[in-house]
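Enquirer: Give me a 3D structure for the following:
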Amino acid sequence: MLVVSLIAAAASCRSSRTYYYTLVAPPDEAATMPTDELQLDVLPVEVPPEVDRAEIVIRESRGQLTPVDTRAWISPLPRELRRAFSNELAHDLGARDIAGVTPAEGTPTYRVKLAVLRFEAELGKRTVVDATSTVREAAGAKPTLVCSHRVHEVASAGYDGIAEAYQRALAKIAKQVAGSIRSLRAGAGACTP
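Expert: Numbering: from 1, shown residues only. Okay, the predicted model is just below:
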């Protein structure tokens, strides 16, 4: 009887396996090297406190958000978001992100800040990302451009589907910000829808 009790206790103490996910899309094998036309300084991404955690948070109902203990981001969510957004933005513009290093002299540098206001998923249904971006030329010669972004992506079944839908949403936001940077460079300074 004691042996059965010990086995049952050990089994209940064993934790479930945790699966890890990333917001960073796989590298594009046809990616080209960055040009020297411009460089980016992508700042840390702000996230809402209710989702700023290791676990993936799922909307269960109108008023219930649930962090899933066995499903987590591979790195802290703000870092995952920044890396995914930076990769997509740099790829779209053919630029490099020089965050943390000295910028090259004579190359226009654009400082980009992304503040995520809503980062939400419904398992097997959709993801929603609402964000605000600011873009300014580091030299300060042009006014700061502030844009809003709202992207809904259909999510296939499972947590892989959630991660992939978020990757697509971040890629769309990066394309919009890239368009805004091009507009700012051309002197128009308009947000890309």
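Enquirer: and the longest helix anywhere in the chain, average pLDDT?
Expert: Selection of the longest helix in the chain by residue count, based on DSSP state H, yields helix 158-185. Mean per-residue pLDDT for helix 158-185: 95.
Enquirer: helices or strands up against it?
Expert: Based on contacts counted as 3 or more CB pairs under 8 Å, 6 or more residues apart in numbering; DSSP states H and E, the elements that helix 158-185 packs against are strand 19-21, strand 55-61, helix 77-93, strand 109-122, strand 126-137, strand 145-154. Every residue, glycine included, has its C-beta placed from N, CA and C.
Enquirer: then the very next helix or strand once past the second one to PDB, C-alphas only?
Expert: Past strand 55-61, further along toward the C-terminus, the next helix or strand under DSSP states H and E is strand 64-73. Listed in PDB are the C-alpha atoms of strand 64-73, where the atom choice follows Å, rounded to 0.1, in the frame of the first residue of the first chain:
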ATOM      1  CA  GLN A  64     -11.200  35.300 -19.400                       C
ATOM      2  CA  LEU A  65      -7.600  35.200 -20.500                       C
ATOM      3  CA  THR A  66      -5.600  32.100 -19.600                       C
ATOM      4  CA  PRO A  67      -1.800  31.700 -19.500                       C
ATOM      5  CA  VAL A  68      -1.100  28.100 -20.700                       C
ATOM      6  CA  ASP A  69       1.500  26.500 -18.300                       C
ATOM      7  CA  THR A  70       2.800  24.000 -20.900                       C
ATOM      8  CA  ARG A  71       3.100  26.400 -23.800                       C
ATOM      9  CA  ALA A  72       5.700  29.200 -23.600                       C
ATOM     10  CA  TRP A  73       7.700  31.700 -25.700                       C
END
